[in-house]
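K.L.:
sequence and computational prediction follow.
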Amino acid sequence: MGHKLDFADLMFNHLLGITNRKKQGLVYAMALTRLFQFYDIPFEDETEIIVPTSDETYSAKTIRQMGYHIENGEWISNDPLDIDEDVSAIEVSHDGRAITIDGERKLILSGSIHYPRSAAQMWPDLIEKAKEGGLDTIETYVFWNAHEAVRRQYDFSGNLDLIRFLKTVKDHGLYAVLRIGPYVCAEWNYGGFPVWLHNMPGIELRTANTVYMNEMQNFTTLIVDMVKKEKLFASQGGPIILAQIENEYGNVMEAYGDGGKAYVNWCANMADSLHIGVPWIMCQQKDAPQPMINTCNGFYCDDFTPNNPNSPKMWTENWTGWFKNWGGKDPHRTAEDLAFSVARFFQRGGTFQNYYMYHGGTNFGRTSGGPYITTSYDYDAPLDEYGNVNQPKWGHLKQLHQVLKSIEKTLTHGDVNTTDYGNGVSVTIYKTNETSSCFLSNTNETTDATVNFQGTKYTIPAWSVSILPDCKNEAYNTAKVNTQTSLMVKKWNEAENEPNELKWVWRPENIDDTVLHGKGRISANRIVDQKVADDVSDYLWYMTSLNLDKSDPVFTDNMTIRVNGSGHVLHAYVNGKLVGSEWATYGIFNYVFEKKVKLKPGKNQISLLSAAVGLQNYGPKFDLKQTGIPGPVEIIGRKGDERIIKDLSSHKWRYKVSLNGIEKKLYSGNSKSSKWLSEGLPLNKRMIWYKTTFKAPLGNDPVVVDLLGLGKGEAWINGRSIGRYWPSYLAEEDGCSAEPCDYRGSYSDKKCVTNCGQPTQRWYHVPRSFITENVNELVVFEEFGGNPSLVNFQTVIVGTACGSAYQNRQMELSCQGRPITQIRFASYGNPNGTCGSFRNGSCQGKNNAISIVQKECVGKESCNIVASEEIFGSTGCGGSDDRLVVEAVC
């Protein structure tokens, strides 16, 4: 008996880390009652248990009265949605310094991974790599239009299984931040709003409008109840430590006037009424009502100050790169600048930081917004679109996270003192009774600084931060990258000889009913916004007819059709023949299309096909931006200097949503259509469906399909859409540089761009879970006209690994599962250049660096070498910035 009580006391001592005293006592009493039962010790239902260090008493009877019952040997709450009394609860709160978890201030390192932008089978690997990279939290939006595309019809299957995603986060021992929104922006179609919202009578979005607020509350409550049911809030023992309502509303609130202010207050009250047991946040909302915590988004947030002294300094979106648009270049944000922004934020009092994105992923199907956002949402994130670690960014941040976590207690409890040394140089000391930690920063964009601090000289490169955990020894500098750079390459599909072995069949999209006969299912005496179709398809046909007499003033030898477009793609047909097409690019919301036409006396059929390229996702009242053809549509006749205009906007227009091939699901292996043709494969013809089969590439490396040669359209693998494609849209010619990117100075999406003059996106991600081990099917709908004979499947692997380590640091080199086959370059001293183009500097170690590295690394998947004179010999230059650089072939 005594042994059992000793065990119980030990168990209670273990629970002392739980600061919620009520929870301590209840857990203790529950455990002890179960212990008595396990050992068959006589125990009356009303026998009282006295909790050590407390005057509380419990009995089995009182525990039942508190709303619990025994099930399978465990105490279980009677209310599956109950969170206030849950015995496994984690108490999440905050003060002016940090988020607190069970009373302890925490320094939180988070990263955004959006569950619909990857396959569900990828989630465990992505989350594990985030954990290995030093994160303790995963942040995600909730995508309303993905879950409720049709009102009151919900989809949480496949990669929309939010609960499975959150449980995967929990299984890996990480926290979660749930950004319910439900407006998300995120370069996601319509900002995450289902388009049926737009079409509800009397609705106004994101303002004090009853129709909208009822729908928003319905979806928000649905999500909260789902999460409560699975006990996924921290207050129930789950991983979710924070939730977000609305999103970046402060950026646009002025446009909504008093209704906007009332709406923000309503959002806060509505969220608070859901009683989730963890704090709510509002990002980019300076006037966020209590108890909401307002947070910062941006490339830099070190200057941010919360609106309440009891709110910690939180950064919900540190943009790790930028998104890409059709016609745009590839944006890159250097590892040095990203690390600099993080270090500055924590130097200046931040304690919660989230990377947006940590893994960007893919806009499968028609989910990309914009308009004109690409299918790839790589974002130059620490994990690339396919889930590979993006080096050096991933590794450089991992090392930063290790240093920050090592001084967590000091940063969250220490007294803070900052000294300005002038010229952008400052020193910040965090001091507790036990220890001190220091940040030395230099925000000068061009000049390195030497600081004499506490009797020691430190060199701080321009635009960098050094962290000294003990205020003596530099453990990390944001500008000194001590991790490898990986150059990824594409590897041919070894399962078959592609593209030669891909055999294509085809069939035309049947457009006769629309371009010749103007057949549509609905009609109106006006031109409508394409959103009336609830976004069930990218495509909407606008059709009308015009009866002309030769005596009509507009009937001349010089006639044009003029269409005022919304910026999306337009294909204009007159009497069955294509007159021309028009499109724009990101940020352009209208254009005027005008082409010559030859009309005939009598009936003329005018058919306009609008092809949306993602709906607007950001801006004040973005939901009202017109989509499709806003009009007017005019026929213009010219006789000399005279111009006659016939406006067709109020004619009777017929409308047809989508395309015949999409309605018949030609992309699906279950399609009943058998009219595929194997002869006379048309090339560079519009409105053609192509289909082929292929073998899955060998191995487990990520798979991509090269669609170079095609124009524009959508692609499906085994019936699943991998997104819109548009390789014929070339990136702008200007703005790229052959010189290495200078990390110094404030970042913008115009800095450090590549891929000028090349296809905006040539490669399209095919998740391994989309394909089978045997024969697979690829279907593409080609809208513009292209040549499918060049299409092929490849895998993405590390081609070159370049290691870097400063003096006395360890260089780690890895080919990520494949052996190192050759050392192409190695130098210890002051080598110049970048990965793929290194060259020796003026100082080199006396020993043969290539020989040393070859012996240590060739034939291995990974290797480690310390960059030191003991190994590589003296450089003779005596510099503390000597480093080892290696270029290895995988």
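P.N.:
Arrived safely, thanks for sending.

K.L.:
next, the residue sitting furthest away from the middle of the chain: phi, psi?
P.N.:
In the chain, Ser551 marks the outermost C-alpha relative to the chain mean, sitting 59.8 Å out by CA atoms, centre = their mean. When read as degrees, to the nearest 10, the backbone of Ser551 gives phi -80, psi -10.

K.L.:
what residues are up against it?
P.N.:
If you count contacts by CB atoms under 8 Å, 6 or more residues apart in numbering, Ser551 has none. C-beta here means a position set from N, CA and C on the backbone, and glycine is covered the same way.

K.L.:
and the pLDDT for it?
P.N.:
For Ser551, the model assigns a pLDDT of 94.

K.L.:
for Phe872, give its distance to Val227.
P.N.:
As judged by CB to CB, to the nearest Å, Phe872 and Val227 stand 55 Å apart.

K.L.:
how about Gly873?
P.N.:
60 Å.

K.L.:
hmm, who's touching stretch 140-151?
P.N.:
Contacts of stretch 140-151 with the rest of the structure, by CB under 8 Å, 6+ apart, involve 112-116, 154-156, 160, 162, 165, 176-184, 186, 188-190, 192-196, 219, 223, 247, 367, 534-535.

K.L.:
doesn't Gly250 lie inside a strand?
P.N.:
No. Gly250 is assigned helix when assessed by DSSP: H, G, I helix; E, B strand; the rest coil, not a strand.

K.L.:
that one touches Asp287, doesn't it?
P.N.:
Yes. Using CB atoms under 8 Å as the test, Gly250 is close enough to Asp287 to be in contact (7.2 Å).

K.L.:
overlap of the contact sets of those two?
P.N.:
Asn294.

K.L.:
comparing the two, which shows the higher neighbour count?
P.N.:
Gly250 (19 against 14; other CB atoms under 10 Å).

K.L.:
list the buried ones in the helix or strand where Val169 lies?
P.N.:
Val169 is located in helix 162-171, with elements delineated by DSSP states H and E. The neighbour-count criterion (16 or more other CB atoms under 10 Å) identifies 162, 164-170 as the buried residues of helix 162-171.

K.L.:
and for stretch 290-301?
P.N.:
Those would be 292-297, 299-301, for stretch 290-301 by 16+ other CB under 10 Å.

K.L.:
end-to-end on stretch 189-206?
P.N.:
Distance between the boundary residues of stretch 189-206 (CA to CA, to the nearest Å) amounts to 16 Å.

K.L.:
what separates it from the chain centre, distance-wise?
P.N.:
Here the centre of stretch 189-206 is set off from its chain's centre by 23 Å, with CA atoms, centre = their mean, to the nearest Å.

K.L.:
longest helix of this structure?
P.N.:
For the chain, the longest helix by residue count, based on DSSP state H, is helix 210-229.

K.L.:
average pLDDT for it?
P.N.:
What helix 210-229 shows for mean pLDDT is 98.

K.L.:
following it, which helix or strand comes up?
P.N.:
Following helix 210-229 in sequence, per DSSP H and E, is strand 240-245.

K.L.:
what does that next one contact?
P.N.:
Applying CB under 8 Å, 6+ apart, the external contacts of strand 240-245 come out as 90, 92, 99, 101, 108, 137, 166, 175-181, 220, 224, 227, 232-234, 267-268, 270-271, 276, 278-283, 292, 316.

K.L.:
first to last residue in stretch 234-245, what's the distance?
P.N.:
End-to-end distance of stretch 234-245 (CA to CA): 17 Å.

K.L.:
list the buried residues in that stretch.
P.N.:
234-236, 238-245.

K.L.:
average pLDDT for that stretch?
P.N.:
Mean predicted confidence for stretch 234-245 is 98.

K.L.:
go on, stretch 378-388?
P.N.:
Taken as a whole, stretch 378-388 has a mean pLDDT of 98.

K.L.:
send the alpha carbons of that stretch over as CSV?
P.N.:
Only the C-alpha atoms of stretch 378-388 are listed here, as CSV (Å, rounded to 0.1, in the frame of the first residue of the first chain):
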residue,chain,number,x,y,z
ASP,A,378,7.0,27.5,-54.3
TYR,A,379,7.5,31.0,-52.6
ASP,A,380,11.3,30.3,-52.3
ALA,A,381,10.4,28.7,-49.0
PRO,A,382,12.8,26.7,-46.8
LEU,A,383,11.0,23.6,-48.2
ASP,A,384,10.6,23.8,-51.9
GLU,A,385,7.3,23.1,-53.9
TYR,A,386,8.1,19.4,-54.0
GLY,A,387,9.1,19.0,-50.3
ASN,A,388,12.9,19.1,-50.7
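
K.L.:
the closest residue to Leu468 other than its chain neighbours sits in which helix or strand?
P.N.:
Once flanking residues are discounted, Leu468 sits nearest to Cys438: 4.4 Å by CB to CB, 6 or more residues apart in numbering. Assigned by DSSP H and E, Cys438 belongs to strand 436-442.

K.L.:
so which of the contacts of strand 240-245 belong to helices?
P.N.:
Short answer: those in helices (DSSP H) are 166, 220, 224, 227, 267-268, 270-271.

K.L.:
give the buried subset of those as a ChimeraX selection command.
P.N.:
Entered in ChimeraX, the line below selects the buried ones among the ones in helices among the contacts of strand 240-245, by 16+ other CB under 10 Å:
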select :166,220,224,227,267,268,271
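
K.L.:
dump the residue contacts of the residue nearest the centre of the chain.
P.N.:
In the chain, the C-alpha nearest the mean C-alpha coordinate belongs to Gly360, at 3.6 Å (CA atoms, centre = their mean). Neighbouring residues of Gly360 by CB under 8 Å, 6+ apart: 117, 321, 323, 376-381, 384-385.

K.L.:
specify which member of the residues you listed is nearest to Val886.
P.N.:
Proximity of those to Val886 (CB to CB) peaks at Asp384, which lies at 22.1 Å.

K.L.:
show me the shaky parts of the protein.
P.N.:
The model of the chain has pLDDT under 70 over residues 1-43, 51-56, 62, 65-68, 71-87, 672-673, 879-880.

K.L.:
one more time with 50
P.N.:
Along the chain, segments meeting pLDDT under 50 span 1-22, 80-81, 83-85.

K.L.:
what helices or strands is the strand ranked longest in it leaning on?
P.N.:
Assignment by DSSP state E gives strand 792-806 as the longest strand of the chain. Packed against strand 792-806 by the contact rule (3 or more CB pairs under 8 Å, 6 or more residues apart in numbering; DSSP states H and E) you find strand 485-492, strand 703-706, strand 810-814, strand 862-866, strand 883-889.
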